[in-house]
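> Return atomic coordinates for the entry below.
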Amino acid sequence: MSEKLFESTKIAAYFLWEYTGCSNALSLWYCAEDLAAHFERKGYIQLADIIDILKEDVHNLRRIAFVRHIAFRIYVYTGKHDKLCNWYTAERLLQNSEWLDAVLAIASIYHENRGNFSNLMGVRSEHVKKYYKDTV
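Got it, this is the predicted structure:
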């Protein structure tokens, strides 16, 4: 489980680096963890959940909110202030099946370990740890 979590987070963080150019690897790792936690909280733990959102028209409020959450986290963790750039980065990430599979794998692991999250090794973000500690 920890190996799958580590590998998936590494892949998600790699694509965040590739698409944003942010040089802070730890921030990108935290971003990947936070995005996965957001997906899990919203119940997006399977590819079909995301495909349903991406099928929506680009002006659909559900899709807009979904992409906005990703773009916001990109801003928070990379410090990039260009809203449009963060939005396009989020859209581009959502088209990358390898990134999407990695984030969904992390979200799925979080979901499976919701009741014993403190025993899950490999989560570095205190923000994510606190969320799951407070929800149990």
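
> so which helix or strand takes in the residue positioned nearest the centre of the chain?
In the chain, the residue lying closest to the centroid (Cα atoms, centre = their mean) is Leu35, at 2.2 Å. Assessed by DSSP states H and E, Leu35 sits inside helix 25-42.

> Can you point out the buried residues in the next helix or strand after that helix?
Remark: after helix 25-42, the chain's next helix or strand is helix 47-54, criterion DSSP H and E. Going by neighbour count (16 or more other Cβ atoms under 10 Å), the buried part of helix 47-54 is Ile50, Ile53. Every C-beta, even on glycine, is put in place using the N, C-alpha and C of the backbone.

> ok, now stretch 116-124?
In stretch 116-124, counting by 16+ other Cβ under 10 Å, buried: Phe117, Leu120, Gly122, Val123.

> Let me know whether the residue nearest to the centre of the chain touches Leu100 as I believe.
No - between Leu35 and Leu100 there is no contact under Cβ atoms under 8 Å: 10.4 Å.

> For Gly79, what are phi and psi?
phi 80, psi 10 (degrees, to the nearest 10).
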